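Asks: Just to be clear, the model below is a prediction. Sequence and coordinates:
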Amino acid sequence: MPYALLQLDISDRIATVTINRPDKLNALNDQMMGEIAAVFADLATNAAVGVIILTGAGRAFVAGADIANIATQSAETLETLSALGQRTFRAIERSPKPVIAAVNGFALGGGCELALACHLRVASEHAKFGLPEVKLGLIPGYGGTQRLPRLIGRGPALQLILTGDTIDAVEALRLGIVNSVVEHSTLLDTARAFAQTILKNGPVAIARALQSVDDGLDRPLDAALANESKLFGSLGQTTDMREGTAAFLEKRPASFRGE
Ligand code: COA
């Protein structure tokens, strides 16, 4: 499917989705939100893809929801927009394939929330993070008030949410918002290296690991552990598990088929 505001490249089982509206710092309008939902739905079932990298064109990852699009909306429409964005980002978080945000520049508001919905975050030294919605008389509405405290804890999350301050990549690393910070010119290569490391592992195991972590985070520990056992056991039905363990015992590299 062709996309007007996204660029999609697939090579070596890595899909790179580039948000491409640089003149507006990749601000998220309705069309872009629809295209993001569509591309992740397509990639989830594309057998040629094992890992997805999400990045932005130009000097922003995403500078937030399109403020022009929300300035005059009614309370009902704002609630609908929030629910739609949340659904789209939740689908990214529930993707059976790891999604790596390669944060190239501004990740503000909805852009920060989009990065938070990804599984891993690699930041350029130029990246900037923040949830400035309160400066507009709003609150983060695409999951930011929920994912940020779950990721870094209530106190540091509330500091960002209540001040609306923008922080640089090094501070984002210190707070645990990003997994690593790299020189700008090496950002995509670093994200691809992460992807290649993941691609060496059993694809079904990767999907089940993502599921176990996401299922478990909001369950009581005992229920989450029971779910982990169920998912662990389900891997006994895969040829990948037989291959991975046999390869170790035979002192050879495993050759996974994703089944
Ligand atoms: N929504 C709509 N348009 C946006 C936008 C957003 N969230 N963020 C940037 N843009 C547009 C600007 O209006 C400008 O458009 P124009 O050239 O037609 O005037 C263009 O992108 C470039 O942005 P500009 O503000 O001129 O760049 P800058 O380098 O001076 O500042 C930012 C960069 C990111 C600090 C600034 O654009 C900003 O604060 N953006 C809004 C961030 C925000 O509040 N996000 C949360 C939204 S809920």
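Replies: Alright, I've got the coordinates. Residues are numbered from 1 along each chain as shown.
Asks: where along the stretch 101-250 of the chain do the strands fall?
Replies: 106-108, 120-124, 128-130, 166-168, 180-182 (DSSP state E, counting those that start in this stretch).
Asks: Note down every partner strand of the third one and its orientation.
Replies: So that's strand 128-130. Partners of strand 128-130 in the sheet, by DSSP bridges, are strand 106-108 (parallel), strand 166-168 (antiparallel).
Asks: sorry, back to before: go through the strands of the stretch 101-250 of the chain and pick out the most buried.
Replies: With neighbours taken as mean count of other CB atoms under 10 Å, these reach their highest mean count in strand 106-108, at a mean of 27. Every C-beta, even on glycine, is put in place using the N, C-alpha and C of the backbone.
Asks: Other residues contacting that one?
Replies: Contact with strand 106-108 is made by 25, 59-64, 101, 114-115, 127-132, 166, as judged by CB atoms under 8 Å, 6 or more residues apart in numbering.
Asks: could you give the mean pLDDT of that strand?
Replies: In this model, strand 106-108 has a mean pLDDT of 98.
Asks: quick one: contacts for the residue nearest to residue 21 when sequence neighbours are not counted?
Replies: The shortest distance from residue 21 to any non-neighbouring residue, by CB to CB, 6 or more residues apart in numbering, is to residue 5 (5.2 Å). By CB under 8 Å, 6+ apart, the residues touching residue 5 are 19-21, 31-32, 35.
Asks: Apart from its chain neighbours, what residue comes closest to residue 82?
Replies: Excluding the flanking residues, the one nearest residue 82 by CB to CB, 6+ apart is residue 141, at 3.7 Å.
Asks: Is that neighbour in contact with residue 81, as I believe?
Replies: Yes. Between residue 141 and residue 81 there is a contact under CB atoms under 8 Å: 7.3 Å.
Asks: Can you work out which residues contact both of the two?
Replies: When CB under 8 Å, 6+ apart defines a contact, the residues bordering residue 141 and residue 81 alike are residue 65.
Asks: could you measure residue 76 against residue 82, distance?
Replies: For residue 76, the distance to residue 82 (CB to CB, to the nearest Å) stands at 11 Å.
Asks: Quick check: residue 234 touching residue 211?
Replies: No. Look at residue 234 against residue 211 with CB under 8 Å: they stay out of range, at 9.8 Å.
Asks: Now tell me which helix or strand of this structure has the poorest mean pLDDT.
Replies: helix 67-70 (a mean of 94; mean pLDDT, DSSP states H and E).
Asks: The next helix or strand after that one vs the ligand: in contact?
Replies: Going down the chain from helix 67-70, the next helix or strand is helix 75-93, by DSSP states H and E. No. Helix 75-93 does not reach the ligand (CB under 6 Å from any ligand atom); its nearest approach is 10.3 Å.
Asks: Show me what helix 75-93 is in contact with.
Replies: With CB under 8 Å, 6+ apart, helix 75-93 has contacts from 28, 33, 36-37, 40-41, 54, 65, 70, 73, 99, 110, 113-114, 117-119, 141-143, 214.
Asks: do that again at 6 Å, thanks
Replies: 33, 36-37, 40, 99, 117, 141-143 (CB atoms under 6 Å, 6 or more residues apart in numbering).
Asks: and what of stretch 162-176?
Replies: Applying CB under 6 Å, 6+ apart, the contact partners of stretch 162-176 are 123, 125, 127-130, 132, 134-135, 152, 156, 178, 181.
Asks: count of neighbours near residue 173?
Replies: Neighbour count for residue 173, taken as other CB atoms under 10 Å: 17.
Asks: again but with residue 149, I slipped
Replies: Using other CB under 10 Å, residue 149 has 16 other residues around it.
Asks: Show me where this structure has its helices.
Replies: 30-44, 67-70, 75-93, 110-117, 144-152, 154-163, 169-175, 187-199, 203-217, 221-234, 239-249 (DSSP state H).
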